[in-house]
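Participant: Provided below for reference: sequence and predicted model.
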Amino acid sequence: FNFKIDIPWLVAQYPVHHRTKPLLVVHGSTRQEKANLEREARLFTHVDLCQAKLEMIYGTHHTKMMILSYVNGVRVIIHTANLIHSDWHQKTQGVWMSPLFPPLAPQSRNGDSPTNFKRDLLQYINAYKSQSLNEWISIIKRHDFSTAKVFLIASVPGRHSGASLNEFGHLKLKKVLRQFGPSSDACKQWPVLAQFSSIGSLGPTPESWLSSELLTSFSATRGSGSQSKPRLHLMYPCRHDVRLSLEGYGAGGSLPYSINTAKKQPWFRTICNRWRSECNGRTKACPHIKTYLRASPDWHNLAWFTLTSANLSKAAWGMLEKQGSQLMVRSYELGVLFLPQPFGTDVFQVASNSPDASHPFMVPYDLPPLPYES
Ligand SMILES: O=C(O)c1ccc([N+](=O)[O-])cc1C(=O)O
């Protein structure tokens, strides 16, 4: 599943002895782009295409996922890189690799995890309503996902209401945080950080959507305790970060932010932070990764961490309509939410940035964030 796909390059990344394994590519391309993809796919008899329907204008098939079927199990990869050389060459990307999920024992039940990862993955793939995905739906159904410790946070284009209102976008994240997140006492006033590679039209003030809607969901806590909203920090490379990067100004091609949109929201730069990753030696590797987290005021601990394809936009996270009874989403997005409890801890410590059982991810940038200069 991806947005930009170079099929000959993708096939060439396989080890030679696996290079003709059947490959289904799920894309959202139309018109000339679709024709180009079909022409490339025709070069390989083992490659098939599935076009995701995009019924919401301006929506994209942004999801970046691989489902790998082995003789002894299935593995899910959710990541942030397009399937083109430049996305894997000199940028900072994020990849979540699942454990190998074994086949279900014949008589056993549905094989899901306490985070309902399997249920949510099936719900997401079913949303495509595509015959060519039926084979993969049955593969997933036949496997045991009980070792999955992350929550799936998906976006599917459409107007979601009623029983589907909290199934996608920022309302799904809010729902999971309300059920399994930190207590409001545990993270009172803990700031939220949004890090992304593209920005949509967010309105004339942060109150238009960013803090009134998105931050409300990001600051949800267990139980219904409402609390004053925490600070929201944004992270997006400034002009000098891009100019001084490994790719130079060319990195800007993957940091789309239209000047017309930027002119309508000058407030954005006043709450923005630079891209710094001295901790990983990746300050010069421009970010295409997208992450969202909630941290303690001293930035030493995290209450949760999300890796996703979703940029800072209403198209990706959704926009409430009809007095909050409906969520309008334009794009397909997919991400994973890490909460401490499934990993046997009550908080994630940033300091030990070396992944192990209770620190299942690396924070890909320096904390505290570094504000833009005036
Ligand atoms: O690389 C992508 O998949 C991508 C595609 C389109 C847009 N966009 O339209 O803003 C942003 C991105 C991004 O992820 O940065």
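Facilitator: On my side now, so go ahead. In this text, all values refer to a predicted model and were calculated from it rather than measured experimentally.

Participant: Tell me the confidence at Ser352?
Facilitator: Per-residue confidence (pLDDT) for Ser352: 65.

Participant: Find the residue closest to the residue in the stretch 251-374 of the chain that the ligand sits nearest to in space, skipping its chain neighbours.
Facilitator: Distance from the ligand to each residue of the stretch 251-374 of the chain (CB to the nearest ligand atom) is smallest for Pro256, at 4.0 Å. Using the backbone N, CA and C atoms, a C-beta is placed for each residue, glycine as well. Sequence neighbours aside, Ser198 is the residue nearest to Pro256 in space, at 4.8 Å (criterion: CB to CB, 6 or more residues apart in numbering).

Participant: my guess is the one you found contacts Ser258, does it?
Facilitator: No. Ser198 is beyond contact range of Ser258, at 9.6 Å (criterion: CB atoms under 8 Å).

Participant: Enumerate the residues of the stretch 251-374 of the chain near the ligand.
Facilitator: The interface of the stretch 251-374 of the chain toward the ligand, taken as CB under 6 Å from any ligand atom, is made up of 254, 256, 288, 311.

Participant: Tell me, what's the model's pLDDT at the first one?
Facilitator: What the model reports for Ser254 is a pLDDT of 98.

Participant: The last one now?
Facilitator: Confidence per residue is given as pLDDT, and for Asn311 that number is 98.

Participant: Could you pull up the residues touching it?
Facilitator: 62, 196-200, 290 (CB atoms under 8 Å, 6 or more residues apart in numbering).

Participant: ok, Gln123 - contacts?
Facilitator: Per CB under 8 Å, 6+ apart, neighbours of Gln123: 154, 167.

Participant: Show me where this protein has its helices.
Facilitator: With DSSP state H as the definition, the chain shows helices at residue ranges 7-12, 31-41, 117-126, 134-141, 169-180, 215-218, 239-243, 259-264, 267-270, 314-317.

Participant: sorry, back to before: highest neighbour count among the contacts of Asn311?
Facilitator: Ranked by neighbour count under the definition other CB atoms under 10 Å, the contacts of Asn311 are headed by His62 with 26 neighbours.

Participant: Would you mind listing where the stretch 201-350 of the chain has pLDDT under the threshold?
Facilitator: By pLDDT under 70, the low-scoring segments of the stretch 201-350 of the chain are 224-226.

Participant: is it true that Tyr249 touches Val242?
Facilitator: Yes. Tyr249 sits in contact with Val242 when judged by CB under 8 Å, with a separation of 6.0 Å.

Participant: out of these two, which sits in the busier spot?
Facilitator: Under the criterion of other CB under 10 Å, the comparison of Tyr249 against Val242 puts Val242 first, with 18 against 10.

Participant: quick one: contacts for that one?
Facilitator: Applying CB under 8 Å, 6+ apart, we find Val242 in contact with 248-249, 251-252, 255, 286.

Participant: tell me the two of those that are most distant?
Facilitator: Farthest apart among the contacts of Val242 by CB to CB are Gly248 and Leu255. That separation is 12.3 Å.

Participant: Compare these two and say which is more crowded by neighbours.
Facilitator: For the pair Gly248 and Leu255, the greater number of neighbours falls to Leu255 (21 against 13), based on other CB under 10 Å.

Participant: quick one, phi psi at that one?
Facilitator: Its backbone dihedrals place Leu255 at phi -130, psi 50, with angles given as degrees, to the nearest 10.

Participant: Offset the numbering so it begins at 15, please.
Facilitator: Shifting the count to begin at 15 puts that one at Leu269.
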